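**Q** What follows is a protein structure lacking sequence information:
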């Protein structure tokens, strides 16, 4: 059992972040904000995939005007992504944002920040202070990679103190890098220095096939240490994939609160007498429409099969021409290969 680091509780609309609440999975829309219909279609797909909150870019006034229309129809809390403009931040708050994300590297004027804080206090919304390694660096006098963790922590500490002096503590903190090791180290440092909820993720992680491993390592390592209250897997592509990967990371650590099936498949070897991969893919399709917590194992031999079957709710150990179906570790049926998938599906549905 992973013991999560204690944090304050922060409200983002109806959603609560903090160690007493489930870890939230989030992403960003990847269509133009001014295309309200396209944004809402994407948000609904994301919500169906298990997204808890969604961030939307609002670089122009036209975007914040569209943002107001999106907020009113979104099934999940909407966060406004702010970069250089305090005016956009205030417009987004007044448009109904549940939270805004500010990048300290892009908004330097303290008067502008205080105006944003006052508006956020008035509307009772949350703010994420999102320190990004790439945006706080001065490329004319850049520091070595080994010193960037200290630089990000210094920037975070400065902004948190400013917010606290202004009487604002409905904060979420994040510090991101494209480097896996630095992402882990800087979030460890933030967890040691602050008690606000932390948003974690590896930024600019790449295409899905390239982003999967480094994102899982960075996010998984921190979560296993009890650090992290909301996560995002940042990939170049379909945001639904970000949610799917994020939920898989949570589930692998026993941190997923939603119900759903788990599929265990043996890696296959020279002992297999059936096409285990083909069978497992068919089983996964059958599991797609099932909304209950169940662990299913598809095994290709008797070496590891019975052991995995003991831990699975329903399992199949497939051999040449037939397979054996187990329920809670007990063999309950021997089925001909041609009927194996249907028999297994029946046991799963009736479990």
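**A** Yep, it's here. Here the structure is a predicted model, which means the values were calculated and not measured.

**Q** Run through the stretch 1-150 of the chain and note the low-pLDDT ranges.
**A** Across the stretch 1-150 of the chain, the ranges flagged by pLDDT under 70 are 134-144.

**Q** all strands for it, in order.
**A** Assigned by DSSP state E, counting those that start in this stretch, the stretch 1-150 of the chain shows strands spanning 10-12, 15-17, 24-28, 53-57, 78-81, 99-102, 126-132.

**Q** neighbouring contacts of stretch 112-125?
**A** Outside stretch 112-125, the residues within contact range by Cβ atoms under 8 Å, 6 or more residues apart in numbering are 11-12, 86, 89-90, 93-94, 97-100, 102, 107, 126-127, 159, 162-163, 166-168, 170. Quick note: C-beta positions are derived from backbone N, CA and C, even for glycine.

**Q** now do 6 Å
**A** Applying Cβ atoms under 6 Å, 6 or more residues apart in numbering, the external contacts of stretch 112-125 come out as 86, 89-90, 93, 99, 127, 166, 168.

**Q** hmm, back to that, mind giving me a markdown table with the strands of the stretch 1-150 of the chain and columns for mean neighbour count and distance to residue 311?
**A** Output for those, formatted as a markdown table (neighbours: other Cβ atoms under 10 Å; distance: least, Cβ to Cβ, whole Å):
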| stretch | mean neighbour count | distance to residue 311 |
| --- | --- | --- |
| strand 10-12 | 21 | 37 |
| strand 15-17 | 21 | 32 |
| strand 24-28 | 24 | 26 |
| strand 53-57 | 22 | 34 |
| strand 78-81 | 25 | 39 |
| strand 99-102 | 24 | 40 |
| strand 126-132 | 24 | 39 |
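
**Q** among these, which is nearest residue 250?
**A** With distances scored as Cβ to Cβ, the stretch of the strands of the stretch 1-150 of the chain nearest to residue 250 is strand 24-28 (7.1 Å).

**Q** what helices or strands is the closest one leaning on?
**A** Here strand 24-28 touches strand 230-231, helix 239-252, going by 3 or more Cβ pairs under 6 Å, 6 or more residues apart in numbering; DSSP states H and E.

**Q** Which neighbours in the sheet does the shortest one have, and how are they oriented?
**A** Yep, that's strand 230-231 we're talking about. Note on strand 230-231: by DSSP bridges, its sheet partners are strand 24-28 (parallel), strand 199-200 (parallel).

**Q** Adding distance to residue 324, write these out as TSV.
**A** Below are the strands paired with strand 230-231 laid out as TSV (distance: least, Cβ to Cβ, whole Å):
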stretch	distance to residue 324
strand 24-28	37
strand 199-200	42
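
**Q** out of those strands, which comes closest to residue 289?
**A** Residue 289 sits nearest to strand 24-28 of all those, at 21.0 Å, using Cβ to Cβ.

**Q** Run the angle between the closest one and helix 239-252 for me.
**A** Angle of strand 24-28 versus helix 239-252, following axes from the mean of the first three to the mean of the last three Cα atoms, to 10 degrees, is 160 degrees.

**Q** Where do the helices of this protein begin and end?
**A** With helices called from DSSP state H, the chain shows them at 36-49, 61-73, 86-94, 110-123, 133-136, 148-165, 180-193, 208-224, 239-252, 276-287, 305-311, 340-350.

**Q** Which one of the contacts of stretch 112-125 is nearest to residue 294?
**A** Distances from residue 294 to the contacts of stretch 112-125, taken by Cβ to Cβ, are shortest for residue 99, at 34.7 Å.

**Q** quick revisit: tell me which of the contacts of stretch 112-125 is nearest to residue 290?
**A** For these, the closest approach to residue 290 (Cβ to Cβ) belongs to residue 99, at 33.2 Å.

**Q** Could you report the separation of that closest one from residue 277?
**A** Residue 99 sits 42 Å away from residue 277, going by Cβ to Cβ, to the nearest Å.

**Q** Show the average pLDDT along stretch 167-175.
**A** For stretch 167-175, mean pLDDT is 95.

**Q** what comes up buried for it?
**A** By 16 or more other Cβ atoms under 10 Å, the buried positions in stretch 167-175 come out as 168, 170-175.

**Q** Also stretch 219-236?
**A** Neighbour count says stretch 219-236 has 219-223, 225, 227-235 buried, by 16+ other Cβ under 10 Å.

**Q** if we can go back for a sec, looking at the helices and strands packed on strand 24-28, spot the one closest to residue 296.
**A** Closest to residue 296 of the helices and strands packed on strand 24-28 is helix 239-252 (Cβ to Cβ; 13.7 Å).
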